[in-house]
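Enquirer: after the sequence you'll find the predicted model.
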Amino acid sequence: MFENILIYFVVIPLVMLGLLALCRDIKQIRAVAVVGSLGLIALSVVTLVQYLGMRAAGVEDPMLFVDSWTWFAPLNIHLAVGVDGISIAMLLLSSIIVFAGSFASWTIKEPKAFFLWLILLSVGVFGFFISIDMFTMFMFYEVALIPMYLLIGVWGSGNKNYSAMKLTLMLMGGSAFLMMGLIGIYYHSAPEGGQLTWNLLEIVKNASIPHGWQSFLFPMTFVGFGVLGAMFPFHTWSPDGHASAPTAVSMLHAGVLMKLGGYGCFRVAIYTMPQAAHELSWIFLILTGISVVYGAFCACVKTDLKYINAYSSVSHCGLVLFAILMLNETAMTGAIMQMLSHGLMTALFFALIGMIYGRTHTREITQMGGMMQIMPYLSVCYVIAGMASLGLPGLSGFVAEMTIFVGSFQAGMTDYLAGHGSLRLVFTIIACCSIVITAVYILRVVGKLLFGPVHDEHHRTLTDATWWERLSTVTLIICVAAIGCFPNFFNNLINFTFKPAIFSVLGMN
Amino acid sequence: MGITLPLLILAIPLFMFLLLGIAGVKMSHKLAGWLGCLGMGTTLVLAYTVALTYYFCPEFTAETGERIQTIVFNQTWLAFTQNLVISLGFLLDPISALMLIVITTISFLVHLYSLGYMEGEKGFQRYYAFLSLFSFSMLGLVVATNIFQMYIFWELVGASSYLLIGFYYTKHSAVAASKKAFIVTRFADLGFLIGILVLSYYSQTFDFLKLTTDSQWVLASTQGATFMGASVLTWALVLIFTGGMGKSAMMPLHIWLPDAMEGPTPVSALIHAATMVVAGVFLVARMFPVYLLEESATMIVAVVGAVTAFYAAMVACTQIDIKRVLAFSTISQIAFMMVSLGVASNGNGDVCHHGLGYMASMFHMFTHAMFKALLFLGAGALIHAVHSNDYTAMGGLSRYMPVTRWTFLIGCLAIAGIPPFSGFFSKDEILSAAYAWSPFMGVWMTIVAAMTAFYMFRLYFLIFRWDEPDYGHHTPHDPPLPMMIPLVFLAAVSCVAGFIPFGHFVTWNRMPYDIHLDPWIACSSVAVAICAICLAAYMYRTKNPLPEKMKNAMPVLWDWCHHRFYWDELYMFITHKIIFNGVCRPLAWFDRHIIDGTMDSFAAVTNKLSRVIAPLQSGQVQMYVFVYIIGALLLGGITVLCLI
Amino acid sequence: MELKAIYFLIPSLIMFCCGLFGFITRRNMIAMLISLELMLNAVDMNFVIFNRFLFPGQLEGMFFTLFAIAIAAAETALAIAIIINVFRASHNIDVRTLNEMKF
């Protein structure tokens, strides 16, 4: 079991949990968190290198490092692992954000319990991304959700009980749909008389889900994951949840957990039920298309930094699901890139907001101003994050959005010219409009918060970032810039998955 | 040509940006400034080497005399699909070489000038970092090998323009202006982006060379598809032109440029006069063979240009802030270039009058960059001296600032189109092209040219003559040497640039072409310009009540001109009242109250329901037993009934 | 006259119903306990009766009844103990006022 590299993505956090339980003071806790998350980064890099090596050697399997251990034989539940370029990208993202998040919660109160829950959450996240067995996937998904309740409820701020409850209940509601969907898939996972399976690869190979069932199960799973991906109209947990969550939790949640939604939609809903995806995508295209502009418009009027960012996440994550539904190679690549990009930049945003809030004790942009004069470092980082968010070339947002727009437009035009209606085309153009609205709300915040004269004279005494805050932000900025400057590397990493031979959906266009 | 020099042209400014941006805080002002100048100076030398090699080295000229478009390097950056690939590369052809010269010259002079102008400003290092970033982006834009690379750098120049306009970030007006500039151009870029998407869908390429060499196939690839009555190619080209309208401040997307004058004056000279704002012209010039295919697209270019030129000239006559006057004159002059490009097409897929318009447009772009930068830098010297942007704070300055005065005068003569200054030659070519296209357009543009002469000399006389305000004991004086050198240099260029045989370097088909002045057009345009100057002199040479009388004679016209025809108010109304209050606010309310309210009401209903059924758990043991018995009896009864 | 099971079952039913009625209506916990005993005894009687009339010659029902009586005794002891404790805590053994154990 332990010769498979992937299992260490779960083992390392579990070991960290054990060590954390033994820790006595904050220094040890910090040491465990930092060393552990560095270990995770190293592990993802090693996995990436090995993966690329195998691909370079011409291995054409859809997933690599595939392994499976029986967990509960009567229901054929396995702990099955395997990764492709997309999962590796997500693993990298998660490990980086866990690393940055550890630094962002350097001075949290009751650190031991906090880190225990945080690391438990990351067990769920990593487990989710390496699993290819739907049941274990679902289990890890739940493992990632539950700690969120306590992290927000205990360490949060503001109306935290309400937010924590709302977030958990809405996501659990999504899980209920999801569970139904997954069980449905399981019962049709093999042709008549065959061995039923939870394994995604086998399900895809069997392709035995009857058409009628697909059109029932596809919405189930898509909505189930879509709730976590903040799909309109199931996004309202996001503003409240983010606003109340402590910094590192917001980072992990927006940075990684919301990606679970997009990843799940792609990996389970679309991967296993291509026909239904084709026929029903229009419903969700409308919903996600609305998400994209709607979130952006809402962000324009909010005055709480975290609310603004949460709505911007709704918009950006909407774009992820939107692009996935285009069922077009380029757009889907863009969706994954957008997940990476949004994960990093929104984590950066939340880290910065947390740092500013920690100093000023307010998140209202009307009560702040001229931060550039007071804390230049944090302000510059905020500008960079903002620029990434509004799609400045050279940072990650641009490449992701452009890939999505180019791909969606191709899909839309093809549809339109083939006489399949202009829905995709229209919504692509609507989604394109979001680049303007994004610029509006980002610049509005930047202008009010960072520029202008100092609003509150008491703020003049505040200090700039400490070394751990600098480390946290610099890590994220480097990653954002890396994606923005060398997109083709990530493009190729992700793109392989969509080779038509592997990916059945694309053959249907 | 080797890859090293072109690569360095891009790499040095980028490196300087990173160096000054990251390590600048630790540097002294002097070090940062000189480092910036050094970096730009090196770039200047390299760019001149590359451009002059291109123009004069026979290896870049085919046997027919045609200049060859060369891709020096082209590196894949992001591959969307097999065909749609963004590359970052370096395309060397007449117009990119021309722009290399223009950008590096002006940028270097501005670097130098800023040493004096920005002396002692907070954030001096940051300023130089941004200047380097801008230079990098602009250079990347002009050498773009494909339309998407252009879009990338297009966005980058927008961002660096945003950063530089908002350089004085503690000032509300500067922040608002930078925001406005970014958002308006962003809006235009949306059109650009969609245009690219449409065009690339049909042509399946981003590559300029593929698009522009023998572009008939682009037309063929659309297979005559139409959308809402116009061919898709027209749509694509018009949308792409929208991007150009935004950057080049064509009506109705011009509103950001006057406000952009909130930035430091050297920045206005570099970005908002000489380089970035002509990016739209450059874009149309780059895509010119494709524009030739669609009559309506070039028509739109010409009409938008003509309307904007006239509008901006009218507004410029009434502005008080000298930088605003220059800004509107920039809009007007860029519109000249647009018109010139528009009239270069005869509407049948071929060029008009040997493509004179194209050459004239590029020529004017070159001369305008020089004399407008000169005027802006001169204005900077004035502002530096009197610490105000308004002409009301100036007057009679010719006594105190002789060098500034003479160089400014040269700039004014050049823009007014008086021979032998450079503006005369380029403007004359534009007028010739306009007359050849349609006499009406020729007359129209001649009128605008006369207005140009009028408002520039109005400005000149108001600043240097008119009545002297009380300067106190702090009398204005000529600027220090680093600011003086650029002024003198640019003035010298403006004197001689007109004699460059421009047609030998830049033409639409890259074949050499001899410029010949049409004596009638030349004489008439000079005559109207001189008349306009005389009128300006009559009205503004000394303090007199005439301007006031004129204003009172035409109050409505003056009011509309002074308020820029209320475009800003219109935009304010649309953005604030309609979009912000009419869309965003209701949506946010809808989200909080309807969507979230629904979700909350699920929770509330669950809660209510549990309150309703909770009293059943009354704590009365006997009640439980009673209910149990009744239930058991009922169940038993039902069972019995069923069995029977 | 022949003895029929019904002659015994009816009094047992009456006993059970009395017990039930008492259990539901009486407010005193001791009285409720007594009613409970009444019901238990009715049930015990039914065991004996059915054993005697349905399976004569077998003794399972009889023995079962003996056990039930013993358990009932133990149960009564337990119930009394609880009642005493309740009384100690609240000086009251009226079930209608003892309704803390609810939602």
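Expert: That came in fine, so what should we check first? Numbers count the residues shown, from 1 in each chain, chains lettered A, B, ... in the order given.
Enquirer: please make it C-alpha for all contacts and neighbour counts, starting now.
Expert: OK.
Enquirer: show me the shaky parts of chain C.
Expert: Within chain C, the ranges that satisfy pLDDT under 70 run C:1, C:103.
Enquirer: hmm, 80 instead?
Expert: Across chain C, the ranges flagged by pLDDT under 80 are C:1-2, C:99-103.
Enquirer: show me what contacts the residue of it found nearest chain B?
Expert: Scanning chain C for the residue nearest chain B gives C:N99, at 4.2 Å (criterion: CA to the nearest CA). By CA atoms under 8 Å, 6 or more residues apart in numbering or on different chains, the contact set of C:N99 is B:S618, B:G619, B:Q620, B:V621.
Enquirer: turn the residues you listed into CSV, columns for pLDDT.
Expert: Below are these laid out as CSV (pLDDT from 0 to 100):
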residue, pLDDT
B:S618, 80
B:G619, 78
B:Q620, 81
B:V621, 82
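Enquirer: so what touches stretch B:562-569?
Expert: Stretch B:562-569 is touched from outside by B:P252, B:I255, B:V315, B:T318, B:Q319, B:W560, with contacts defined as CA under 8 Å, 6+ apart.
Enquirer: send the alpha carbons of that stretch over as CSV?
Expert: Below are the C-alpha coordinates for stretch B:562-569, written out as CSV (Å, rounded to 0.1, in the frame of the first residue of the first chain):
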residue,chain,number,x,y,z
HIS,B,562,-16.7,74.1,-22.2
HIS,B,563,-18.5,71.1,-20.7
ARG,B,564,-17.2,68.9,-23.5
PHE,B,565,-20.8,68.4,-24.8
TYR,B,566,-21.7,66.8,-21.5
TRP,B,567,-20.3,63.5,-22.4
ASP,B,568,-19.0,62.9,-18.9
GLU,B,569,-22.3,63.7,-17.4
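Enquirer: quick one: average confidence on that stretch?
Expert: In this model, stretch B:562-569 has an average pLDDT of 84.
Enquirer: which residues of chain B lie near chain C?
Expert: B:A614, B:P615, B:Q617, B:S618, B:G619, B:Q620, B:V621, B:Q622, B:M623, B:V625, B:F626 (CA under 8 Å from any CA of the partner chain).
Enquirer: between those residues, which is closest to chain A?
Expert: Nearest to chain A, judged by CA to the nearest CA, of those is B:A614 at 21.3 Å.
Enquirer: skip ahead from the helix or strand harbouring B:L490 and say which helix or strand is next.
Expert: Per DSSP states H and E: B:L490 is located in helix B:481-496. For helix B:481-496, the succeeding helix or strand toward the C-terminus, using DSSP H and E, is helix B:519-540.
Enquirer: and that next one, how far out from the chain's middle?
Expert: Distance, stretch centre to chain centre, for helix B:519-540: 30 Å (CA atoms, centre = their mean, to the nearest Å).
Enquirer: what ranges do the helices span in the stretch 151-300 of chain B?
Expert: Residue ranges of the helices in the stretch 151-300 of chain B, as given by DSSP state H, counting those that start in this stretch, are B:172-203, B:208-212, B:216-221, B:232-247, B:256-259, B:265-269, B:279-286, B:288-293, B:295-316.
Enquirer: what's the most buried one of these?
Expert: Mean neighbours per residue, mean count of other CA atoms under 10 Å in any protein chain shown, is largest over those for helix B:265-269, with a mean of 29.
Enquirer: send me it as CSV with only the CA atoms.
Expert: Written as CSV, here are the backbone C-alpha positions of helix B:265-269 (Å, rounded to 0.1, in the frame of the first residue of the first chain):
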residue,chain,number,x,y,z
THR,B,265,3.0,65.8,-17.1
PRO,B,266,5.9,63.8,-18.5
VAL,B,267,3.6,60.8,-18.3
SER,B,268,1.0,62.6,-20.3
ALA,B,269,3.7,63.4,-22.9
